[in-house]
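[1] Coordinates for the following, if possible.
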Amino acid sequence: QVRLVESGGGLVQPGGSLRLSCAASGFTFSYYAMSWARQAPGKGLEWVSSIYSIGSDTYYADSVKGRFTISRDNAKNTLYLQMNSLKPEDTALYYCARDLPPPYGSGYSGWGQGTQVTVSS
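    Numbering: from 1, shown residues only. Now for the predicted structure:
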């Protein structure tokens, strides 16, 4: 059973930083690509970033490129998202997900419960 538990969200001022973590269990973490997605109030789900299992190739949405860094520690079964230079428009519920969204993959195959990130002065 896929279990993904996000943590690390909170309230931060514009220009600040946060590091999100996602603890994975119930599957062989190192076998899967992993992603972060977010949903802002009143908006649809937005893909943020993905990391492959092999070679750790990383991909980012244009809206976060250069500010966010995705990484993983397969020994700890943990996915990370380092978020720097945060903007108010980054305010959202951030989800950890297994696999890749279309067109990069066949779609997410597991979700966490989300962690709230609020960027406000």
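[2] all contacts plus neighbour counts: C-alpha atoms, from now on.
    Fine.
[3] List the neighbours of stretch 21-36 that are in contact with it.
    Stretch 21-36 is contacted from outside by 1-8, 47-54, 74, 77-81, 94-100, using Cα atoms under 8 Å, 6 or more residues apart in numbering.
[4] I'd like to know how far Leu104 sits from Cys22.
    In this structure residue 104 is Tyr, not Leu. Here Tyr104 is placed at a distance of 21 Å from Cys22 (Cα to Cα, to the nearest Å).
[5] These two - which one has more neighbours?
    Cys22 (24 against 9; other Cα atoms under 10 Å).
[6] Nearest residue to the more buried one in space, please, no chain neighbours.
    Glu6 (4.3 Å; Cα to Cα, 6 or more residues apart in numbering).
[7] so what's that neighbour up against?
    Leu20, Ser21, Cys22, Ala23, Tyr95, Cys96, Gly112, Gln113, Gly114, Thr115.
[8] hang on, it is in a helix, isn't it?
    No - looking at Glu6 with DSSP: H, G, I helix; E, B strand; the rest coil, it is strand, so not inside a helix.
[9] Could I get the pLDDT score of it?
    We have a pLDDT of 98 for Glu6.
[10] now swap in the one 3 residues further on and tell me
    pLDDT, Gly9: 97.
[11] Could you check how far Met34 is from Val64?
    17 Å.
[12] cool, Ser7 as well?
    In terms of Cα to Cα, Ser7 sits 19 Å off from Val64.
[13] still on that earlier bit, higher neighbour count, Met34 and Val64?
    Shown here are Met34 and Val64; by other Cα under 10 Å, Met34 has more neighbours (28 against 17).
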